[in-house]
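Engineer: coordinates for the following, if possible.
(chains A and B)
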Amino acid sequence: DAGVIQSPRHEVTEMGQEVTLRCKPISGHDYLFWYRQTMMRGLELLIYFNNNVPIDDSGMPEDRFSAKMPNASFSTLKIQPSEPRDSAVYFCASSLALAGLSYNEQFFGPGTRLTVL
Amino acid sequence: QKEVEQNSGPLSVPEGAIASLNCTYSDRVSQSFFWYRQYSGKSPELIMSIYSNGDKEDGRFTAQLNKASQYVSLLIRDSQPSDSATYLCAVRRNTGFQKLVFGTGTRLLVSP
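Structural biologist: Take a look at the predicted model:
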């Protein structure tokens, strides 16, 4: 079975350019998460969706960042305009819906390594 | 104060030894605790979860939770070079929500 798919795997761009990261969650999963990982700040949750609806975007750093989930099998994270401090690895993860009070494992994609020059 | 704190390491142990990884958290209402392993250049993968005070064992891994001290740890027995990775501690604040807060991770090096 395919896991979470992300594209591109690597992206190098210049400051001021628009960057779009893409994610395909595991089929049947109800939750989708976007994370950013840097050495200094670790793994940070940016936003997550439940059934294509954004639930919590409090981690989105600023208005330059936006995320959409037009359907259950696709999500995008867009940065416009990009800045050097946006350089990081961006992970997408997905999970099943909750069963009672239990936690369902988040499965991570391979990540997109973004470098903004 | 960070919500989830870990020593960045590296923690170096010889093969066959016990590796002890520690994590503290600041929010007393935290309910659930997780350990993820991340190999260099790879994505995190869940290895242990713990919800109640005490110990939980799974093979060579033991997770320990002390809510009164706001402390969670991961013990790896009979450490192998293949255990060399960064271990991320994650905390879920409320039941019914999927949001996790991660620590910055502890790098573990197991030497042959």
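Engineer: element containing A:Glu11, please.
Structural biologist: A:Glu11 belongs to strand A:10-13 when assigned by DSSP states H and E.
Engineer: who's in contact with that strand?
Structural biologist: Residues from elsewhere that reach strand A:10-13 (C-beta atoms under 8 Å, 6 or more residues apart in numbering or on different chains): A:19, A:21, A:82, A:112-117. For every residue, glycine as well, the C-beta is placed using N, CA and C.
Engineer: and which of the residues you listed is nearest B:Leu74?
Structural biologist: A:Arg113 (27.1 Å; C-beta to C-beta).
Engineer: so what's the closest one up against?
Structural biologist: A:9-11, A:89.
Engineer: neighbour count and pLDDT added to those, as TSV?
Structural biologist: Putting these into TSV (neighbours: other C-beta atoms under 10 Å in any protein chain shown; pLDDT from 0 to 100) gives the following:
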residue	neighbour count	pLDDT
A:Arg9	10	97
A:His10	10	97
A:Glu11	19	97
A:Val89	18	98
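Engineer: show the contacting residues for B:Ile18.
Structural biologist: Here B:Ile18 is in contact with B:75-79 (C-beta under 8 Å, 6+ apart).
Engineer: repeat that for A:Asp30.
Structural biologist: A:Asp30 is in contact with A:50-51, A:95-97, counting by C-beta under 8 Å, 6+ apart.
Engineer: can you tell me how far the closest residue to A:Arg41 other than its chain neighbours is from A:Ala88?
Structural biologist: Leaving aside its sequence neighbours, A:Arg41 sits nearest to B:Thr104 (C-beta to C-beta, 6 or more residues apart in numbering or on different chains; 7.3 Å). Separation of B:Thr104 from A:Ala88 (C-beta to C-beta, to the nearest Å): 13 Å.
Engineer: the closest residue in space to A:Arg85 that isn't next to it in sequence: neighbouring residues, count only.
Structural biologist: In this structure, A:Arg85 finds its nearest non-sequential neighbour in A:Val116, 7.8 Å apart by C-beta to C-beta, 6+ apart. Neighbour count of A:Val116, defined by other C-beta atoms under 10 Å in any protein chain shown: 20.
Engineer: hmm, A:Ala88 and A:Val116 touching each other?
Structural biologist: No: the pair A:Val116 / A:Ala88 is not scored as a contact, 9.3 Å apart, by C-beta atoms under 8 Å.
Engineer: for residue 85, phi and psi?
Structural biologist: Using chain A here. phi -70, psi -10 (degrees, to the nearest 10).
Engineer: before we move on, what about B:Asp83?
Structural biologist: According to degrees, to the nearest 10, B:Asp83 has phi -80, psi -10.
Engineer: for it, report the pLDDT, please.
Structural biologist: For B:Asp83, the pLDDT comes out at 97.
Engineer: state the distance from it to A:Pro61.
Structural biologist: Using C-beta to C-beta, B:Asp83 is found at 34 Å from A:Pro61.
Engineer: neighbour-wise, which of those two wins?
Structural biologist: Between B:Asp83 and A:Pro61, B:Asp83 has the larger neighbour count (other C-beta under 10 Å), namely 18 against 12.
Engineer: can I get the contacts of B:Ile18 in TSV with distance to B:Leu46?
Structural biologist: Listed next are the contacts of B:Ile18 as TSV, based on distance: C-beta to C-beta, whole Å:
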residue	distance to B:Leu46
B:Leu75	17
B:Ile76	15
B:Arg77	19
B:Asp78	21
B:Ser79	19
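Engineer: export those residues to JSON lines and tack on secondary structure?
Structural biologist: Shown next, in JSON lines, are those (DSSP: H, G, I helix; E, B strand; the rest coil):
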{"residue": "B:Leu75", "secondary structure": "strand"}
{"residue": "B:Ile76", "secondary structure": "strand"}
{"residue": "B:Arg77", "secondary structure": "coil"}
{"residue": "B:Asp78", "secondary structure": "coil"}
{"residue": "B:Ser79", "secondary structure": "coil"}
